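Asker: what follows is a predicted structure for the sequence shown.
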Amino acid sequence: MDAPVAEPTAAQSQQNPAPTTTTTTAPASAPAPAAAAATSTTTKPVHSLVIDANVIIKNDPSVSTLIAQAEELYTIPSVVSEIRDEATRLRFQTTLMPFLKFRTPRPESIKFVTDFARRTGDLMVLSKPDLHLIALTYDLECERNGGDWRLRKEPGQKSVNGAPPAKEGEEKEATTDEKNDAAAPVTEEKIEEVKQVEEQLEKLDIGSQEQETTPAPEEEEKEEEEEEEENDGEASDDDGEWITPTNIKKVQARESAHVAPEPLQKTLQAALITSDMAMRNVSLRINLNLLDSSFARITVLKTWVLRCHGCWKVCKDTTKQFCPSCGQPTLTRVSCTTDAAGTFTLHLKKNFQFNNRGNVYSIPKPTHGTASGKNQNVKGGGKGGWGKELILAEDQKEYIRRTEEEKRTRYRDLMDDDYLPGILTGQRQGGTGNNRIKVGAGRNVNAKKRK
């Protein structure tokens with residue numbers, strides 16, 4: 001009689017549901033190598049997928065989609081510490097954690113990604129776990145593809161590092177053909193064949209020389225016309241880079257300076273899935289495979305940056321109000337794109353005029369205070385005290401105090417008895433940009449006051 005099979009308990013099935021279902025469907029007599037061969041033959045869009053913390057917290061895509069689309073799931077140990085919600089942490093530990101592989105990237109990869117992000121200007125907005133996730137994707141890409149031949153080492157590099165390495169079978173065939181050719185003995189028949197071929201070639205050379213010595217008149221006219229066109233093109237290039245039929249292709253190639261995008265791979269060996277724009281920008285410029293929540297490959301990325309109108313430097317931190325390079329409040333919001341070739345393009349407005357209204361005015365004379373506080377009622381800073389706490393630079397104590405106050409008021413306890421929502425108090429804290437710290441005296445500082 002057959003022995004009874006013990007049923008799994010409810011606790012075991014809740015802790016690890018996926019492995020229990022796979023073990024029950026597989027036949028007991030199937031050997032281990034056959035199962036391994038079956039898993040290797042399954043074709044999925046991605047082999048090694050690196051997951052960011054925002055994907056786990058939002059649960060987009062779901063765990064079943066991640067398992068169905070990728071062979072192996074990777075992340076770093078510090079991602080777990082970013083999950084602070086208890087319900088999200090419990091869901092992560094019970095559903096996704098059994099299928100994840102925790103791995104730390106190599107120090108060389110971390111250094112490469114850090115230097116690359118510093119050159120692109122994204123280092124100031126990238127955290128340490130973000131850099132480690134990109135470095136882990138870089139490691140898996142090099143391991144799966146046999147090197148970094150399809151990646152870029154510098155942000156301005158137009159082409160990839162090199163050609164794909166040759167396969168082992170092709171190398172063996174080439175070496176065997178060379179050995180066979182070298183080992184083949186030289187016979188008298190082969191020597192006679194070589195002599196006959198040389199005689200035929202000499203006859204052909206003599207006939208071609210006779211034909212070249214007597215050119216047709218039509219060919220002479222064509223050659224003269226071509227020489228005239230070349231001389232005209234050279235003279236026009238020297239005068240002022242005129243576009244002619246002879247140099248139009250060179251001019252188009254020089255003006256476009258665009259590399260054709262690489263054809264998409266059928267199976268991505270390594271990819272990164274994240275919603276962080278800074279991570280997407282660095283990964284796309286390195287030419288790492290980048291996916292969104294719907295598992296579509298991202299080839300063009302559009303974001304917003306701040307560009308200084310005074311020194312033309314680009315700032316990736318959109319919360320800044322002063323330029324990190326020149327220190328002036330001249331930052332303007334500009335759209336930018338990053339394509340599959342790794343080119344970073346700023347899209348500036350045509351005929352843009354910077355508004356200089358309210359930049360020139362007289363600063364009112366400040367009033368001093370006393371240690372005893374007797375002159376508290378004395379208001380300085382002009383009429384109405386408009387220039388008492390005038391902010392002109394980022395390192396002023398007034399600006400630092402205001403930023404610290406905003407950080408404290410940003411996190412409010414909703415269960416506080418003294419808290420009232422903004423719809424009742426009339427206070428607006430929306431993301432319209434009107435709640436930013438006021439820099440300068442405003443646009444209407446020199447306007448005439450009506451009597």
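Answerer: In hand now; what should we look at? A quick note: this is a predicted structure, and the numbers were derived from the prediction, not measured. Numbering: from 1, shown residues only.

Asker: ranges for the helices of the stretch 1-150 of the chain?
Answerer: 10-15, 17-25, 32-41, 53-58, 63-69, 78-81, 86-91, 107-120, 128-145 (DSSP state H, counting those that start in this stretch).

Asker: pLDDT weak spots in the stretch 151-300 of the chain?
Answerer: 166-191, 194, 197, 201-241, 252-265 (pLDDT under 70).

Asker: try 90 this time
Answerer: Within the stretch 151-300 of the chain, the ranges that satisfy pLDDT under 90 run 155-268, 277, 292-300.

Asker: Three-state assignment for N281, please.
Answerer: Here N281 is recorded as helix under DSSP: H, G, I helix; E, B strand; the rest coil.

Asker: for Q269, see how far away it is.
Answerer: 22 Å (C-beta to C-beta, to the nearest Å). For glycine as for every other residue, the C-beta is placed from the backbone atoms N, C-alpha and C.

Asker: the more surrounded of those two?
Answerer: Ranked by neighbour count (other C-beta atoms under 10 Å), N281 and Q269 place N281 first, with 25 against 18.

Asker: would you confirm that that one contacts V300?
Answerer: No: using C-beta atoms under 8 Å, N281 is not in contact with V300; the gap is 11.5 Å.

Asker: shared neighbours, those two?
Answerer: T338 (C-beta atoms under 8 Å, 6 or more residues apart in numbering).

Asker: and the strands in the chain?
Answerer: 46-51, 70-75, 100-102, 268-273, 289-291, 301-308, 314-315, 331-338, 344-347 (DSSP state E).

Asker: buried residues in the third one?
Answerer: Translated: strand 100-102. Neighbour counts over strand 100-102 (16 or more other C-beta atoms under 10 Å) mark L100 as buried.

Asker: same question, the second one
Answerer: With burial defined by 16+ other C-beta under 10 Å, the residues of strand 70-75 counted as buried are 70-71, 73-75.

Asker: pLDDT added to these, as a markdown table?
Answerer: Converted to a markdown table, these look like this (pLDDT from 0 to 100):
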| residue | pLDDT |
| --- | --- |
| A70 | 93 |
| E71 | 93 |
| L73 | 95 |
| Y74 | 96 |
| T75 | 95 |
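
Asker: what is the nearest of the residues you listed to R106?
Answerer: Y74 (13.7 Å; C-beta to C-beta).

Asker: what's near enough to touch the closest one?
Answerer: Applying C-beta under 8 Å, 6+ apart, the residues near Y74 are 48-51, 100-103, 136, 140.

Asker: now A135
Answerer: 105-106, 109-110, 112-113.

Asker: of the residues you listed, buried ones?
Answerer: Counted by 16+ other C-beta under 10 Å, these give 105, 109-110, 112-113 as buried.
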